[in-house]
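Asker: quick one: sequence plus predicted model below, questions after.
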2 protein chains.
Amino acid sequence: MPATINHLPDPKLDLVLERVVEVPPPLVWAAWTRPEYIKRWFTPAPWQTVDCEIDLRPGGIFRTVMRSPEGKEFANTGCWLEIIENRKLAWTGALLPGYRPQNASVPFLMTVVILMEPNGVGTKYTAIAIHGDEEAAKKHAAIGFHDGWGKALDQLVGLAKTI
Amino acid sequence: MPATINHLPDPKLDLVLERVVEVPPPLVWAAWTRPEYIKRWFTPAPWQTVDCEIDLRPGGIFRTVMRSPEGKEFANTGCWLEIIENRKLAWTGALLPGYRPQNASVPFLMTVVILMEPNGVGTKYTAIAIHGDEEAAKKHAAIGFHDGWGKALDQLVGLAKTI
């Protein structure tokens, strides 16, 4: 497989969460790639992820259904782009499974890149949310990217310690 | 690397060119992956491809500049999605390099999957243009997908015989 590209976040267009967590890359990987785990950490409580479908191949489906505390459900369907075990995951909402361009009206499109690097017994975890324009990045920041993704990562780490 | 997905074209959304050509997959591959070759076959004459940039990695740039017989230039920038040597290429205009969602106003978005299978001394060549809605597929058919991609493939074969 060809080498992976470097991702240099654009401060105007991208949102980044970087943190060292105390669980090793294979457990972060497991939490990110199995639907039964995704349902347990992906959405900061009291929101829930009530359904998840993963076909972990380039172009394969990544679908989640989130439920608000009021019981309203939000489905998101995208596809995986890059899968490098224990090291890198990328998926996008701009393409449906099979790489079909997204046509539905969604609040904003984004691609997510997750980088995992061994760090002592833990992992240097980097999540980059990549947007097409400043408006999308601002919208995502305003609905609570930093707080929400931070809390979800806490949940991931809590889960990973039990795997 | 995980297995590649199957692409089952949707007759309402996708346009397909399938043909057995008399040059083997490595030459088809070379014609598709080197800018100096792309410039010689990618656009059916009298249109020309006057510039091309390729970073052949998932998320790497694929940029072409086409010139009309009247001298008007049209730049297209997308990125590569899947690269399986001598067998499969996929790229999309829905994502810019680094997987950034496309935000520019373009006539229509598409993903292209190129499949190459050995066939005797030649190649069974399948090109699938994948669109997000019927309108995009119709627009693409109306501007001459079948004729245009067929002529371009003739040019590819002509070039490949000289490599």
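Answerer: Cool, got the structure. Numbering: from 1, shown residues only, chains lettered A, B, ... in the order given.
Asker: interface residues of chain A facing chain B?
Answerer: Taking CB under 8 Å from any CB of the partner chain, the part of chain A that reaches chain B is made up of A:1-5, A:7-8, A:13, A:55-60, A:81-83, A:90, A:92-103, A:109-111, A:113, A:130-133, A:136. Bear in mind the C-beta positions are built from the backbone N, C-alpha and C, glycine included.
Asker: again, 7 Å this time
Answerer: Chain A comes close to chain B at residues A:1-5, A:7, A:56-60, A:81-83, A:90, A:92, A:94-95, A:98-103, A:109-111, A:130-133, as judged by CB under 7 Å from any CB of the partner chain.
Asker: residue A:73 against residue A:65, yeah?
Answerer: Yes. Assessed by CB atoms under 7 Å, residue A:73 is found in contact with residue A:65 at 5.5 Å.
Asker: quick one: the helices in chain A?
Answerer: Here chain A has its helices, by DSSP state H, at A:25-33, A:35-41, A:134-142, A:145-160.
Asker: please identify the most buried of the ones you listed.
Answerer: Stretch with highest mean neighbour count among these: helix A:25-33 (a mean of 19; mean count of other CB atoms under 10 Å in any protein chain shown).
Asker: any idea of the angle it forms with helix A:145-160?
Answerer: Put simply, helix A:25-33 runs at 110 degrees to helix A:145-160, going by axes from the mean of the first three to the mean of the last three CA atoms, to 10 degrees.
Asker: now helix A:25-33: average pLDDT?
Answerer: Helix A:25-33 comes out with an average pLDDT of 98.
Asker: just stretch A:48-66 next, same as before
Answerer: In the prediction, stretch A:48-66 has an average pLDDT of 98.
Asker: can you list contacts of that stretch?
Answerer: For stretch A:48-66, the external contacting residues (CB atoms under 7 Å, 6 or more residues apart in numbering or on different chains) are A:33, A:35, A:38-39, A:42-43, A:47, A:67, A:73-83, A:91, A:97-99, B:2-5, B:81-82.
Asker: look up the closest residue to residue A:73, ignoring the ones flanking it.
Answerer: Closest residue in space to residue A:73, ignoring its immediate chain neighbours: residue A:67 at 5.1 Å, by CB to CB, 6 or more residues apart in numbering or on different chains.
Asker: give the contact list for that neighbour.
Answerer: A:47-48, A:50, A:73.
Asker: could you rerun that using 10 Å?
Answerer: A:43, A:46-51, A:73-74 (CB atoms under 10 Å, 6 or more residues apart in numbering or on different chains).
Asker: now list the buried members of these.
Answerer: For the contacts of residue A:67, a neighbour count by 16 or more other CB atoms under 10 Å in any protein chain shown gives the buried set as A:43, A:47-49.
Asker: and these, which two are the farthest apart?
Answerer: Comparing every pair within the buried ones among the contacts of residue A:67 by CB to CB identifies A:47 and A:49 as the most remote, at 7.8 Å.
Asker: low-confidence ranges in chain A?
Answerer: By pLDDT under 70, the weakly predicted segments of chain A are A:1-2.
Asker: geometric centre of it: which residue is closest?
Answerer: Of all residues in chain A, the one closest to the mean position by CA atoms, centre = their mean is residue A:112, 5.5 Å from it.
Asker: kindly state the beta-bridge partners for it.
Answerer: Beta-bridge pairing for residue A:112 (DSSP bridges): residue A:91, residue A:129.
Asker: what sits against it?
Answerer: Neighbouring residues of residue A:112 by CB under 10 Å, 6+ apart: A:15, A:62, A:78, A:81, A:89-93, A:127-130, A:149, B:99.
Asker: now with 7 Å?
Answerer: So residue A:112 contacts A:90-91, A:127, A:129 (CB under 7 Å, 6+ apart).
Asker: what is the nearest of these to residue B:157?
Answerer: For the contacts of residue A:112, the residue nearest residue B:157 by CB to CB is residue A:90; the value is 34.5 Å.
Asker: run a quick neighbour tally on that closest one.
Answerer: By other CB atoms under 10 Å in any protein chain shown, the residues close to residue A:90 number 24.
Asker: so it touches residue A:78, yeah?
Answerer: No. Using CB under 7 Å, residue A:90 is not in contact with residue A:78; the gap is 10.4 Å.
Asker: specify the angle between the longest strand anywhere in chain A and strand B:73-84 in degrees.
Answerer: What stands out as the longest strand in chain A, according to DSSP state E, is strand A:73-84. With the same axes, to 10 degrees defining the directions, strand A:73-84 sits at 70 degrees from strand B:73-84.
Asker: strand A:73-84 - contacts with which helices or strands?
Answerer: strand A:61-67, strand A:88-92, strand A:95-96 (3 or more CB pairs under 7 Å, 6 or more residues apart in numbering or on different chains; DSSP states H and E).
Asker: thinking again about what came up before, against residue A:92, how distant is the residue nearest to the centre of chain A?
Answerer: Here residue A:112 is placed at a distance of 7 Å from residue A:92 (CB to CB, to the nearest Å).
Asker: excluding its backbone neighbours, what's nearest residue A:141?
Answerer: In space, and not counting its chain neighbours, residue A:141 is closest to residue A:15: 6.0 Å by CB to CB, 6+ apart.
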